[in-house]
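In: Got a sequence here, can you build the structure:
(2 chains)
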2 protein chains.
Amino acid sequence: MLKDSPKAVLLLSGGLDSTTVLAIAKAAGYHCYALSFDYGQRHGFELEAAAVIAVQASVVAHKTIQLDLGSIGGSALTDASIDVPQAGQSQPVSEGIPVTYVPARNTVFLSLALAWAEVLEAQDIFIGVNAVDYSGYPDCRPEFIEAFASMANLATRAGVEGRQVTIHTPLIAMSKAEIIEVGSALGVDYGLTISCYVADDAGRACGRCDACQLRRGGFEQAGISDPTHYLS
Amino acid sequence: MLKDSPKAVLLLSGGLDSTTVLAIAKAAGYHCYALSFDYGQRHGFELEAAAVIAVQASVVAHKTIQLDLGSIGGSALTDASIDVPQAGQSQPVSEGIPVTYVPARNTVFLSLALAWAEVLEAQDIFIGVNAVDYSGYPDCRPEFIEAFASMANLATRAGVEGRQVTIHTPLIAMSKAEIIEVGSALGVDYGLTISCYVADDAGRACGRCDACQLRRGGFEQAGISDPTHYLS
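Out: Got it, this is the predicted structure:
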């Protein structure tokens, strides 16, 4: 990698999507600073996966911020009183927004990425949002990302000084199969990644939740062998 | 207060400005949900002040979120290696942005307020930003607030469903003296509030930092007796 490569802050959950984004950002020549959140998600295995992936990808730094989104509630992913839907059982709260939507999560995560980018003087932020598979999530849509970027450029020193921050969303228009194809071509080891909403302590996937179904279908469609250990 | 009063999420630091905003929101008939952050600020007394103020103002709920902005660094307020400037010593890092600016702080705080508002189904958020005294902070400017509101309405379920979120900034164009006059007229006990960047454990103000000078000058200009215990 060139010494004067630009710096990028990258949201890394330990999932399939963000791990693919990391591979894309690296391939594009960025010095990557990975940011994860311990936000009250149901299992901590995701964060262990993120740590391993960050090391394997030789990121410049990996920071995990504690953030108790569970105290705010409102999502099946952070509130134990709301059940995570199994395949075919999804019951959107309203207007097609799934119960696994965490209120304003991408806004909060991007805001903290922006804060770190400002300290690092990085002008590039990468996030693995996807408008195809998660079209019910308001904060995965291109118009949200564009509005966030406009806001970010007014919020920060960089913006005041005329240096624009760019929010990169390389996966936004890809299907799960396309994401897996790109990542596989870039050498991503998907065996390290986790998608399941309710994985057990050993990181084994349930095989039935929406995230598992989407992941399974993606590998099948891509015709790529799925390294995931599903419990059923 | 009427039973059908609208709900508002309000950022409450325990300082003079946010306490005045709380009084204004209450006077306007809102059911107030106060949100504070334990974000690695140099002293915790501010949070104790916020707790007392929230109780006195009979807010519906007061939530304090732990958030380690200090691990991101970049500000004299969260990084012990950067000195807080005393009066007349301010050395802006660049382009007039003070070293006490916390990178993207208002973006991060408003994002979490937005998350809580979404869970509460509140459409109103109050923040005590001020573009007069803090004109060097990019995230205290009206254009930033407008951009945040536009983004917020694309980020959330409320936005998707056509319910607009409003970011209220009642202090944005007021001088410190005007803020104190309004708050005093609404019965705010400023003896409970704290402004000093480096207050001691008992909450006594240094009397010399920028925040102390601004507060002192505000009371003088308003011709209102200043209840603050300054050490010098």
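
In: From here on, just use CA atoms for contacts and neighbour counts.
Out: Fine.

In: Which elements pack onto the longest strand along chain A?
Out: For chain A, the strand with the greatest residue count under DSSP state E is strand A:31-38. Strand A:31-38 is packed against strand A:7-11, helix A:16-27, helix A:45-56, strand A:61-66, with contacts defined by 3 or more CA pairs under 8 Å, 6 or more residues apart in numbering or on different chains; DSSP states H and E.

In: just the ones you listed: most buried one?
Out: strand A:7-11 (a mean of 27; mean count of other CA atoms under 10 Å in any protein chain shown).

In: Mind checking if that strand is in reach of chain B?
Out: No - on the criterion CA under 8 Å from any CA of the partner chain, strand A:7-11 is out of touch with chain B, staying 12.1 Å away.

In: the inter-axis angle of the longest helix along chain A versus helix B:105-120?
Out: If you go by DSSP state H, chain A has its longest helix at helix A:105-120. Orientation check (axes from the mean of the first three to the mean of the last three CA atoms, to 10 degrees): helix A:105-120 against helix B:105-120 gives 170 degrees.

In: centre of the chain versus helix A:105-120, how much separation?
Out: Relative to the centre of its chain, helix A:105-120 is centred 13 Å away, using CA atoms, centre = their mean, to the nearest Å.

In: just stretch A:41-59 next, same as before
Out: Put simply, stretch A:41-59 sits 12 Å off its chain's centre (CA atoms, centre = their mean).

In: Now do that stretch, average pLDDT.
Out: The pLDDT scores in stretch A:41-59 average 88.

In: Check whether it comes near chain B.
Out: No - judged by CA under 8 Å from any CA, stretch A:41-59 stays clear of chain B, getting no closer than 15.4 Å.

In: Give me the contact list for that stretch.
Out: Applying CA atoms under 8 Å, 6 or more residues apart in numbering or on different chains, the contact partners of stretch A:41-59 are A:12-15, A:19, A:22-23, A:31-34, A:36-38, A:62, A:70, A:77-78, A:80, A:192-194, A:197-203.

In: Name only those of the residues you listed that count as buried.
Out: Neighbour counting with 16 or more other CA atoms under 10 Å in any protein chain shown marks A:12-15, A:19, A:22-23, A:31-34, A:36-38, A:62, A:70, A:77-78, A:192-194, A:197-199, A:203 as buried within the contacts of stretch A:41-59.

In: how near is A:Gly14 to chain B?
Out: 21 Å (CA to the nearest CA, to the nearest Å).

In: can you give me phi and psi for that residue?
Out: phi 100, psi 0 (degrees, to the nearest 10).

In: what's near enough to touch the residue nearest to A:Ser111 when sequence neighbours are not counted?
Out: The shortest distance from A:Ser111 to any non-neighbouring residue, by CA to CA, 6 or more residues apart in numbering or on different chains, is to B:Val108 (5.1 Å). For B:Val108, the contact set (CA under 8 Å, 6+ apart) comprises A:108, A:111-112, A:115.

In: do the same with A:Arg216
Out: Here A:Arg216 is in contact with A:Asp226 (criterion: CA under 8 Å, 6+ apart).

In: Next, the buried residues of stretch A:213-232.
Out: Per 16+ other CA under 10 Å, stretch A:213-232 contains these buried residues: A:213-216, A:218-219, A:222, A:226, A:228, A:230.
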